[in-house]
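Compute the structure for the input listed below.
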Amino acid sequence: MIDCRRFDGGIFVTKFLILTSRKRMEAYADFTKFPKDWEFVYVSYGYSDEDVLAAGRDAVFILVDAVCPVSRYVIENMPNLKLIHSEGVGYNQIDTAAASERGIFVCNNAGVNGAAVAEHAILLMLALLRRLPEGDHMVRIGKQAEAKGAFILEEIHELGACRVGLIGFGSIGRDTAKRLSAFGCQVCYYSRSRLREEEESQYTVQYSPLEDLIQKSDIISLHLPVTPDTIGFVDGKFLAGMKDSAILINTARGEIVDQAALAKALSEGSIAGAGIDTLYPEPVTLDNPLLHLPDEKKYRIVFSPHVAGTTHEVFCRIHENVWNNFQAFNDGKRPGNIVNDV
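Residues are numbered from 1 along each chain as shown. Take a look at the predicted model:
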């Protein structure tokens, strides 16, 4: 066992700094399984580096919401820090280079939310194809018959009739492909590494070069992490290459999409719609251009509040994984899901 404890008031304690929702922690963490010498200190959202250090400079472990930062300054000024764990899959807000330099593990929860995010991506596809937000609004204002007539003449489409392009084919992309095959979709994918032929057959997918995928897909769904190479990946050129009847789905990260370029494409009708679960920055600011489409185009976009991977089942798995990792490290073992070079 690694002894990372500090002496406090006659007892040794292992201090955890919690940079996520205290209510969520209390709802999903099983405190009965934690050693008695574990101490938890919470810092509220919107914190500064100094807030973090004032509360937990001597902490051994950090648990952080995937959209909240852990900076180089914080990492370099926490002498006892051994492991930083993202509560989610994303970890781009953690300075992994600084952690690696000090031999600090950074871990995430890769794979735990694949099914949930896949379901949500398909939800957004269906909502746009069937014009659900617009139809809901028209029913509520007494225009059900007008909506039905207009939708029939202007055409709504079945998901199974669509060619769906998946960009990124990790665990979430694969779970999405599995579910799309049940609808009868033709599914293609683009990834830096092509699957073996038997794997493509297993997921009922075809590999497509990126340019072909963009040009030929009726729906494009993004399943990429945030890296220097993927920030702004969907830009004006990308959007201009899409069919004007095509839909973009983003359940990955807001930074991947140039939001001004997307707002322009939707306003001008150069693409048909967008389903967006993640924006940048978060929480969303009211000057985000996607919130200000012309009235006649406002139903071309469907938002959800970054909840694709936040089901009850996901959070049960997340917290089981997080605390198993902390306990493993505490017992002298190497944790799982390490994302940095340590």
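
Show me the shaky parts of the chain.
Scanning the chain for pLDDT under 70 picks out 1-12.

count of residues packed around Phe151?
Neighbour count of Phe151, defined by other CB atoms under 10 Å: 15. Any C-beta I mention is one placed from the backbone N, CA and C, and that applies to glycine too.

Give me the phi and psi angles of Asn250.
Dihedral pair for Asn250: phi -130, psi 100, per degrees, to the nearest 10.

residue contacts, the nearest residue to it once chain neighbours are set aside?
Spatial nearest neighbour of Asn250, excluding adjacent residues (CB to CB, 6 or more residues apart in numbering): Leu222 at 4.8 Å. Shown in contact with Leu222 (CB atoms under 8 Å, 6 or more residues apart in numbering): Ile167, Gly168, Phe233, Val234, Leu248, Ile249, Asn250, Thr251, Ala252, Ile256, Val257.

if you set the cut-off to 7 Å instead, what comes out?
Contacts here follow CB atoms under 7 Å, 6 or more residues apart in numbering; on that basis Leu222 touches Ile167, Gly168, Val234, Ile249, Asn250, Ala252, Ile256.

Report the separation between the two terminal residues of stretch 47-67.
12 Å (CA to CA, to the nearest Å).

how about that stretch: buried residues?
For stretch 47-67, the neighbour count (16 or more other CB atoms under 10 Å) marks 47, 52-53, 55-56, 58-67 as buried.

Among the residues you listed, which one lies nearest to Leu213?
Relative to Leu213, the closest of these is Ala66; by CB to CB it sits at 27.2 Å.

isn't there a strand covering the closest one?
No - Ala66 is assigned coil when assessed by DSSP: H, G, I helix; E, B strand; the rest coil, not a strand.

residues contacting the closest residue in space to it that isn't next to it in sequence?
Nearest residue to Ala66 in three dimensions, chain neighbours excluded: Gly88, at 3.1 Å (CB to CB, 6+ apart). Going by CB under 7 Å, 6+ apart, Gly88 touches Ala66, Asn108, Asn109, Gly309.

Can you tell me the SS state at the residue nearest the centre of the chain?
The residue lying closest to the centre of the chain (CA atoms, centre = their mean) is Ala252, at 4.3 Å. Following three-state DSSP, Ala252 is assigned to coil.

Spatially, and excluding backbone neighbours, which residue is closest to it.
In space, and not counting its chain neighbours, Ala252 is closest to Leu222: 4.6 Å by CB to CB, 6+ apart.

Ok, Ile84 next?
Ile62 (4.5 Å).

roughly how far out does the helix or strand where the one you found lies sit from the chain middle?
Element membership for Ile62 (DSSP states H and E) is strand 61-64. Averaging C-alpha positions (CA atoms, centre = their mean, to the nearest Å) puts strand 61-64 19 Å from its chain's average.
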